[in-house]
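Asks: A structural model of the following input is requested.
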Amino acid sequence: MQAANVTVVDHPLVQHKLTLMRRIESSSSTFRTLLREISHLLAYEVTRDLPLKQVEIETPLVKTKAPALAGKKLCLVSILRAGNGLLEGILDLIPSARVGHIGLFRDPKTLQAVEYYYKMPSDLGNRLVIVVDPMLATANSSVAAVTRLKEGGAKNIRFVCLLAAPEGIEAFSKAHPDVAIFTAAIDDHLNEHSYIVPGLGDAGDRIYGTK
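Replies: Here you go, the predicted model:
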């Protein structure tokens, strides 16, 4: 059963592009392009309920009132390094958003997240914070990132990923039941190396052409 805090963006274009990304023969260039395109579509869903206000403008014909975004500019937070692949696409649609970065690496023995970098805009408590990372596998990194953001004052947080494993959703939801998850797909399981199956491999390596 799908958790109540999870939204799967099952738009046909998202699913088609995701299938292309999964293919082992897709180049890094192709992978990056598709990820940027999917991030646009994911951004529509995660921002669907942003508050609006009426502002007065003048068209070439008349003065009128029209809707515009209300409140503080939102904050996009990338979990380095793979999160930047989603970040850039969302920034295409919301170029005025503030941007934060949190660097985490997974300890190969414990699989726990270790922080090495943290830089955020001010006033997190007054902003919608959208955290991005392509993969929700064990959820150790995403849980640690959201915990850190809450310690920094963030109150309204959403998490966006490309793929999620049931194990990751369970762990994340247990740690942060108040944080909504938006994903393009929920895959089958994690393998013995904590990779999502069927998955698409290591997102960071495929984005940047590294091993």
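Asks: Just the residues contacting the lengthiest helix in the chain, thanks.
Replies: Longest helix of the chain, by residue count under DSSP state H: helix 28-46. Outside of helix 28-46, the residues within contact range by Cβ atoms under 8 Å, 6 or more residues apart in numbering are 7, 9, 11, 13-14, 17-18, 20-21, 26, 85-90, 92-94, 130, 132, 134, 158, 160, 162, 182, 184, 203, 206-209. (Glycine included, C-beta is placed from N, CA and C.)
Asks: those strands in the protein, which residues are they?
Replies: With DSSP state E as the criterion, the chain has strands at 6-8, 52-58, 63-69, 75-80, 98-106, 113-119, 128-132, 135-136, 156-164, 180-186, 189-190, 196-197.
Asks: How far off centre is stretch 13-30?
Replies: Chain-centre distance of stretch 13-30: 18 Å, with Cα atoms, centre = their mean, to the nearest Å.
Asks: picking that back up, among the strands of the chain, which is the most enclosed?
Replies: With neighbours taken as mean count of other Cβ atoms under 10 Å, the strands of the chain reach their highest mean count in strand 135-136, at a mean of 28.
Asks: and that strand, what other elements does it pack with?
Replies: Helices and strands touching strand 135-136, by 3 or more Cβ pairs under 8 Å, 6 or more residues apart in numbering; DSSP states H and E, are strand 156-164, helix 166-175.
Asks: For stretch 41-60, measure first residue to last.
Replies: In stretch 41-60, first residue to last residue: 31 Å (Cα to Cα, to the nearest Å).
Asks: model confidence over that stretch, on average?
Replies: For stretch 41-60, the mean pLDDT works out to 95.
Asks: next one: that stretch to chain centre, how far?
Replies: The chain centre lies 20 Å from the centre of stretch 41-60; the measure is Cα atoms, centre = their mean.
Asks: re the thing from before, give me the distance from the longest helix of the chain to the chain's centre.
Replies: That offset, for helix 28-46, works out to 11 Å (Cα atoms, centre = their mean).
Asks: angle of it against strand 156-164?
Replies: Inter-element angle recorded for helix 28-46 and strand 156-164: 140 degrees (by axes from the mean of the first three to the mean of the last three Cα atoms, to 10 degrees).
Asks: Count the neighbours of the nearest residue to His11 once chain neighbours are set aside for me.
Replies: Nearest residue to His11, sequence neighbours excluded (Cβ to Cβ, 6 or more residues apart in numbering): Leu41, at 5.9 Å. If you count neighbours by other Cβ atoms under 10 Å, Leu41 ends up with 16.
Asks: mind starting the numbering at 440 from now?
Replies: Right, with 440 as the first residue, what we last looked at is Leu480.
Asks: sorry, back to before: the inter-axis angle of the longest helix of the chain versus strand 514-519?
Replies: For helix 467-485 against strand 514-519, the angle by the same axes, to 10 degrees is 140 degrees.
Asks: what angle separates helix 467-485 from strand 619-625?
Replies: For helix 467-485 against strand 619-625, the angle by the same axes, to 10 degrees is 140 degrees.
Asks: Report the beta-bridge partners for Ala552.
Replies: Here Ala552 shows beta-bridge partners Arg545, assigned using DSSP bridges.
Asks: pretty sure Arg587 is touching Tyr557, no?
Replies: Yes - with contact defined as Cβ atoms under 8 Å, Arg587 counts as touching Tyr557 (6.5 Å).
Asks: Fine, thanks again, bye for now.
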